[in-house]
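Visitor: Give me a 3D structure for the following:
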Amino acid sequence: MAKDVLTLGQVRIHSGSATREEAMKEAADILEAAGAVTSAYFDAMQQREQTVSTYMGNELAIPHGTNETKNAILESALSVVRYDGGVDWGGEPVTFVVGIAGKGDEHLEILSQIAILFSEEDDVARLKTAQTPEELFALVSAAGV
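Guide: Now for the predicted structure:
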């Protein structure tokens, strides 16, 4: 990919909790600030969530838009936000909200890398103990994302 899909500025850690809507809005806002999506992307994320939950298991949700709203994506990017107080994701406990914007088919590659990173409970435990956004960014980047 031409540029890094994840930069340090797109990684955050919150000590508190958030609603699913707040978490999705933050994910969309980070992607928009990175120049990856238009302001329409938050609506696209909500549409996707109404059709199918983006909860993936292992305390991970990966909100992203629908295929019909691909025009809201300008370039591929990720946002990674950890909510230490948790997010109630339609009844499922979520700690990590990873917003994904993938240009063309790039989202499939990005999704598979994120899925691999979060498939190992040891890796998830490490991600949860990262003290700073820098540390969290380093762990996610090391996974090849």
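
Visitor: Distance check, the residue nearest to Leu8 when sequence neighbours are not counted against Asp84.
Guide: Spatial nearest neighbour of Leu8, chain neighbours left out: Phe137 (4.9 Å); criterion: Cβ to Cβ, 6 or more residues apart in numbering. Placement of C-beta: from N, CA and C, glycine included. According to Cβ to Cβ, to the nearest Å, Phe137 and Asp84 sit 16 Å apart.

Visitor: what about these two, which has more around it?
Guide: Phe137 (20 against 11; other Cβ atoms under 10 Å).

Visitor: For Leu127, see how far away the more buried one is.
Guide: Here the distance between Phe137 and Leu127 works out to 11 Å (Cβ to Cβ).

Visitor: Just give the number of residues close to the nearest residue to Gly16 once chain neighbours are set aside.
Guide: Spatial nearest neighbour of Gly16, chain neighbours left out: Gly85 (4.3 Å); criterion: Cβ to Cβ, 6+ apart. A total of 10 residues lie near Gly85 under the criterion other Cβ under 10 Å.

Visitor: Might you report the residue contacts of Gly85?
Guide: The neighbours of Gly85, taking Cβ atoms under 8 Å, 6 or more residues apart in numbering as the test, are 14-18.

Visitor: Please pick the buried ones from these.
Guide: Among those, those classed as buried by 16 or more other Cβ atoms under 10 Å are 14, 18.

Visitor: Show me which residues of the helix or strand where Gly85 lies are buried.
Guide: Assigned by DSSP states H and E, Gly85 falls within strand 77-89. Burial within strand 77-89, assessed by neighbour count using 16+ other Cβ under 10 Å, is assigned to 77-83, 87, 89.

Visitor: Partner strands of it, with direction?
Guide: Under the criterion DSSP bridges, strand 77-89 sits next to strand 11-14 (parallel), strand 17-18 (parallel), strand 92-101 (antiparallel) in its sheet.

Visitor: Cool, thanks, signing off.
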